[in-house]
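Peer 1: need coordinates for the below:
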Amino acid sequence: MSAGQTAPPRILHLHSTFASGGKERRAVRLMNAFGPKVQHAIVSAVPGETSAAKEIGRALAVSWPTDFPALQGRPTPGRLKRLAEAMRGYDLVLTYNWGAMDAVMANTLFGEAFGLPPLIHHEDGFNEDEQQRLKPARNWYRRIALGRAKGLVVPSETLEEIALTTWAQPIGRVRRIPNGIDTEAFAKPPKPDALPGLIKRPGEFWVGTLAGLRPVKNLPALVRAVAPLPEFCQLVIVGEGPERETIRAEAERLGVEHRVHLAGFAHAPERFVGLFDLFALSSHSEQFPISLVEAMAAGRPVAAYDVGDVAEMVSDANRPLIVPRGDEDALSRAIGGLLYDTEGRAALRKANKAKARREFDEKTMIAAYRRLYASAMGRTGLP
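Peer 2: Down below sits the predicted model:
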């Protein structure tokens, strides 16, 4: 084995944001799984959004380069060159979503001249500016930027089709790796006070969601869906983000602020997701949401808009609760229909938990990423 094989690999992560969302939490789980013999450097395109770092294992070697060029800005040759120069010295570059696409372009344009490390890009979905349709200019930019990438990883069938057709990526470059979690951890029954700041009281029915509080998550719609339901129906939103006051204002407008709980960020969702009687998603756009897999593993029924792969992810028995995107009345009916149906909820709990264990356990996901990253670096494996 060569010296390059024995030296600890250095991986640079370039994120559109490192707030505690699905892709960030998956990245952290992979970092923790790879262990302390892999070194990581993390850059967020939005410097203040780094709440996902709270779940990184303390034994890991992680740095936060403060002098790294901004990931966002005009893609001028000079700026792209500075981005390329900053990638030197690493063994692998991992980029995430549109917010890091300039770094992908820089790697393609200057990679050979500067001897840059291999790059793997990850696409997990789209923000509100592309929720209705993808922007043609961005599609062309992606096509060119990804020209040198060792891989383009997507979690959903929808994104796989977009990558192969709209972005014209060769089939050998596109890797679909479904998101996975530790399903056994989510199967454990939660304590009533497992969610910091809240205690579930007898008789309450919790509609819960985990999401970054961003416009694309459309959380005011979830407030409106819960508002006409009985008083014992409580909405619990776990997450942080810029839409917090907008959500609160909508709850106050509807007079249900006492039933809408903005719990903020909470680590270790396996401890509290089981407190939800029903998990709900009202996003304008999703692809393969990790939070949905977590809810299924905890045996939660799901009511959600039909976006991305959501309808295919849930059990067959749960699919009638996946309603057309934007239909708030249908979402409200889906939630309300389970309030008194204890037998129906029990059946959905069993079906969703079984599917999560069967198809979405993290062991398969971690093994796939381990092989992909090691192969890109020319290694036989990761430590």
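
Peer 1: residues in contact with stretch 105-118?
Peer 2: Residues outside stretch 105-118 that contact it (CB atoms under 8 Å, 6 or more residues apart in numbering): 12, 75, 80-81, 83-85, 87-88, 90-93, 119, 141, 144-150, 376-377. From N, CA and C alone the C-beta is placed, and that goes for glycine too.

Peer 1: and what of stretch 222-233?
Peer 2: Applying CB under 8 Å, 6+ apart, the set of residues contacting stretch 222-233 is 203-205, 207, 209, 235, 237, 247, 250-251, 254-256, 259-260, 280, 282, 328, 331-332, 335-336, 339.

Peer 1: before we move on, what about stretch 62-69?
Peer 2: Against stretch 62-69 from outside (CB under 8 Å, 6+ apart): 31, 39-43, 50, 53, 56, 79, 82-83, 86.

Peer 1: quick revisit: give me the ChimeraX select line for the contacts of stretch 105-118, limited to the buried ones.
Peer 2: Selection of the buried residues among the contacts of stretch 105-118 in ChimeraX, burial being defined by 16 or more other CB atoms under 10 Å:
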select :12,80,81,83,84,87,90,91,92,93,119,141,145,146,148,149,150,376,377
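
Peer 1: helices - which of the contacts of stretch 105-118 land there?
Peer 2: Leu80, Lys81, Leu83, Ala84, Glu85, Tyr141, Ile144, Ala145, Ala376 (DSSP state H).

Peer 1: please name the nearest non-neighbouring residue to the second one.
Peer 2: Yep, that's Lys81 we're talking about. Excluding its sequence neighbours, the residue lying closest to Lys81 (CB to CB, 6 or more residues apart in numbering) is Phe110, at 6.2 Å.

Peer 1: what's the answer for the fourth one, then?
Peer 2: Distance criterion CB to CB, 6+ apart; nearest residue to Ala84, sequence neighbours excluded, is Phe110 at 3.7 Å.

Peer 1: could you look up the SS state of the one you found?
Peer 2: helix (DSSP: H, G, I helix; E, B strand; the rest coil).

Peer 1: and it, what pLDDT?
Peer 2: Predicted confidence (pLDDT) for Phe110: 97.

Peer 1: counting neighbours, what do you get for it?
Peer 2: A total of 21 residues lie near Phe110 under the criterion other CB atoms under 10 Å.

Peer 1: also Arg357?
Peer 2: Neighbours around Arg357, by other CB under 10 Å: 15.

Peer 1: looking at Glu130 now. What's its pLDDT?
Peer 2: pLDDT, read off for Glu130, is 73.

Peer 1: quick check: it vs Gly21, distance?
Peer 2: For Glu130, the distance to Gly21 (CB to CB, to the nearest Å) stands at 16 Å.
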